[in-house]
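J.: quick one, what's the 3D model for this:
(one chain, ligands or ions: 1)
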Amino acid sequence: MRVAVISDIHANLHALEAVLGEIDREQPDELWCLGDLVGYGARPNECCRLVQERADLCLVGNHDLVALGTLGIEDFNPEAAEAARWTANALDDESRSFLSSLPPSAAPEHAQLFHASARDPIWEYVLTDEAATATLLLTTAPVVLVGHSHIALAVTLGTGLVEGGLAPGGTTKELEGRWLLNPGSVGQPRDGDPNAAWLLLDFEARFASFRRVAYPILETQRELREAGLPEALASRLAVGQ
Ligand code: ZN
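T.: Residues are numbered from 1 along each chain as shown. Predicted structure coming up:
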C-alpha cells in the first residue's frame, strides 16, 4: 500500500492545491491528513471541503479545536489567537461539522497517527530526542506519524537511542525498524524551506520519501492581507519560518 501524508494545511488553499496536484501524479492508494486544516490562513472552508473529499483518514489539530471553541484560546500567541478568532467567525456549518467529527489520533493498518504526539495528541511538540523516544516507546506500529511542529522529521529508534532528525525535501528513508515521521507542513512550513511539504509512504517497497512543492506564495499572502489577518502570518510564508 502507498499512502500520501499531509499535515498542517492552515487554510492555505494554494499550497494544498499544489500538494494535491503532486499527489495525483503519484496515485497513492490512500491519503492521510494529520490535522490543523484551519487557523492562520484565509481559505478555511475551501481547505476543509477539499480534505473532506480527498482524505481517507483525517485527524483534528489544536488549531481546528480552538476555531471550533472546543479548546480555549489562552495558550495561543497573539497572532495565532487573532487568526483563531477570525477563523471561528469564517467557518461555515459544513466545515464545523466536518472538523467536529475528526479524532486527534488514529491507528490504520501499518501505522499510528497523532496530530502532536503519543503522550499528548493535541499539544506536545516532538522536537527533542526525549519527546521522540517517548512517542516511540508509547507506540508499537512500525511507522508513527505526527504533525504539529511544521518541521519535517525522520527519527528511528536505534539501540536505545533515537537516530535521525530533519528531513528536507528529497530525503528518502528505508523503513527498517521503527520510525517516527513528520511530513512537515503544507500551509506554513517552519523548517526554512517555504515550499509546501508532504510525505509519500510505500509500505511494500518499505520507504518514506519527503517531498516539497512550490506554490504561489504571493497569492496566499495577498489573501491573508485582504482578510486583515496579522502581517507576520503573511511574511513568514516567504521564508518558511
Ligand atoms: Zn499546525
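
J.: who in this structure is up against the ion?
T.: Residues of the chain lying close to the ion by CB under 5 Å from the ion are 8, 36. To be clear about C-beta, it is placed using only N, CA and C from the backbone, and glycine gets the same treatment.

J.: where do the strands sit along the chain?
T.: 2-6, 30-33, 57-58, 105-106, 111-114, 143-146, 153-157, 162-166, 172-174, 179-182, 196-202, 207-213 (DSSP state E).

J.: in JSON lines, list the ones you listed along with mean neighbour count.
T.: Shown next, in JSON lines, are the strands of the chain (neighbours: other CB atoms under 10 Å):
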{"stretch": "strand 2-6", "mean neighbour count": "24"}
{"stretch": "strand 30-33", "mean neighbour count": "22"}
{"stretch": "strand 57-58", "mean neighbour count": "22"}
{"stretch": "strand 105-106", "mean neighbour count": "19"}
{"stretch": "strand 111-114", "mean neighbour count": "24"}
{"stretch": "strand 143-146", "mean neighbour count": "26"}
{"stretch": "strand 153-157", "mean neighbour count": "21"}
{"stretch": "strand 162-166", "mean neighbour count": "15"}
{"stretch": "strand 172-174", "mean neighbour count": "13"}
{"stretch": "strand 179-182", "mean neighbour count": "26"}
{"stretch": "strand 196-202", "mean neighbour count": "25"}
{"stretch": "strand 207-213", "mean neighbour count": "20"}
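
J.: rebuild the ones you listed as TSV, extending it with mean pLDDT.
T.: Listed next are the strands of the chain as TSV, based on pLDDT from 0 to 100:
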stretch	mean pLDDT
strand 2-6	98
strand 30-33	98
strand 57-58	98
strand 105-106	98
strand 111-114	98
strand 143-146	98
strand 153-157	95
strand 162-166	93
strand 172-174	97
strand 179-182	98
strand 196-202	98
strand 207-213	98
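
J.: need those in CSV (columns: distance to residue 133).
T.: Below are these laid out as CSV (distance: least, CB to CB, whole Å):
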stretch, distance to residue 133
strand 2-6, 22
strand 30-33, 24
strand 57-58, 26
strand 105-106, 18
strand 111-114, 15
strand 143-146, 12
strand 153-157, 7
strand 162-166, 5
strand 172-174, 18
strand 179-182, 9
strand 196-202, 21
strand 207-213, 19
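
J.: check contacts around the nearest residue to residue 177 once chain neighbours are set aside.
T.: Counting by CB to CB, 6 or more residues apart in numbering, residue 177 lies nearest to residue 156, which is 5.3 Å off, once chain neighbours are set aside. Neighbouring residues of residue 156 by CB atoms under 8 Å, 6 or more residues apart in numbering: 162-164, 173, 177-180.

J.: swap in 10 Å and give it another go.
T.: Shown in contact with residue 156 (CB atoms under 10 Å, 6 or more residues apart in numbering): 132, 136, 162-164, 173-181.
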